[in-house]
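**Q** With the sequence up front, the predicted model follows.
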Amino acid sequence: MAPKKKTKKAAEKNPEKCQNDVEEKRRHSILDIAILQDHIALQCEALRRVQSERADLRRRARDMEQKLQHERQDHRDIYWDLSRQYKTMQTKLTNKVKKLEQEVSQLKEDLALSQEELSKEKRERKQMEQEKDAIIADLRQKLDNIESDYEKILHETLDSLSSQLSVTRQGWEDESATLHQKYKEPLSEFGLNALDL
C-alpha cells in the first residue's frame, strides 16, 4: 500500500510527466497505425501484381484459342481442298477408265496413299487440338485457383489488420480514460482541467 501512495504523490507533484507519458503512448499508437497502413498498401500492391498476372494469363489463353481456331480453319481448308481434288481426280478417272485401265490402277494406288496421308494428318491434327484444349483448360484452372487463393489471402489480411487496428485503438482509448480518471482529482487541486491538456 505504501508504494502506491508514493507513486500517487509523485504523480501529483509532476503532472507534466504523466502528460508526456500519455503523449508518448499516443505517438506509439499513431506509429503502429502507420505501420499497419503501410502493410495494407503492400498487400494492395501484391493484389495489383496478381491481377496483372491474371490478365497476362487470360491474354495468353485468348491468343492460344485464336491460334487454335486459325489452325482449325486451315485444317478445314486443306480438307475441303483435298476433297475437291479427290472428286476432280475421280471424274477424270471415270472418263479414262476404259482406255487407261493400267493408269487407273496406278492412280488408285496414288489415291489410297493420299487418303492415308489425309487420315494421318487428320489424326495428328485431332491429337494436336486435344493437347491444346487440355493446355487451355489447365491454364484456366490455374487462373481460377490463383484468383481464388489471392482473394482469400487479401480478405484474411484485411480482416486481421482491421482487428489489430480496433484492438490498438481500444487499448489507447481505455488507457486514456484510465489516466484521465486517475489524474482528474490531482489536476483539479492545481486548478487544471484534464480535458484541456
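**A** It's in.
**Q** chain center to the helix or strand hosting Glu45, what's the gap?
**A** Secondary structure assigned from DSSP states H and E places Glu45 in helix 15-96. Relative to its chain's centre, helix 15-96 lies at 8 Å (CA atoms, centre = their mean, to the nearest Å).
**Q** Can you tell me the closest non-neighbouring residue to Glu175?
**A** Excluding the flanking residues, the one nearest Glu175 by CB to CB, 6 or more residues apart in numbering is Lys25, at 6.4 Å. Using the backbone N, CA and C atoms, a C-beta is placed for each residue, glycine as well.
**Q** quick one: that neighbour and Trp172 touch, right?
**A** Yes. Taking CB atoms under 8 Å as the definition, Lys25 is a contact partner of Trp172 at 6.8 Å.
**Q** Between these two, tell me which one has more neighbours.
**A** With neighbours defined as other CB atoms under 10 Å, Lys25 and Trp172 compare such that Trp172 has more, 18 against 15.
**Q** Helix, strand or coil: sort out that one for me.
**A** Secondary structure for Trp172, judged by DSSP: H, G, I helix; E, B strand; the rest coil, is helix.
**Q** In contact with the nearest residue to it once chain neighbours are set aside, which residues?
**A** Closest residue to Trp172 apart from its sequence neighbours, by CB to CB, 6+ apart: Ser29 at 4.5 Å. Applying CB atoms under 8 Å, 6 or more residues apart in numbering, we find Ser29 in contact with Thr168, Arg169, Gly171, Trp172.
**Q** for the helix or strand harbouring Glu117, packing partners?
**A** Element membership for Glu117 (DSSP H and E) is helix 101-189. Using 3 or more CB pairs under 8 Å, 6 or more residues apart in numbering; DSSP states H and E, the elements in contact with helix 101-189 are helix 2-13, helix 15-96.
**Q** Taking helix 15-96 as reference, get the angle to it.
**A** Here helix 101-189 points in a direction 170 degrees away from that of helix 15-96 (axes from the mean of the first three to the mean of the last three CA atoms, to 10 degrees).
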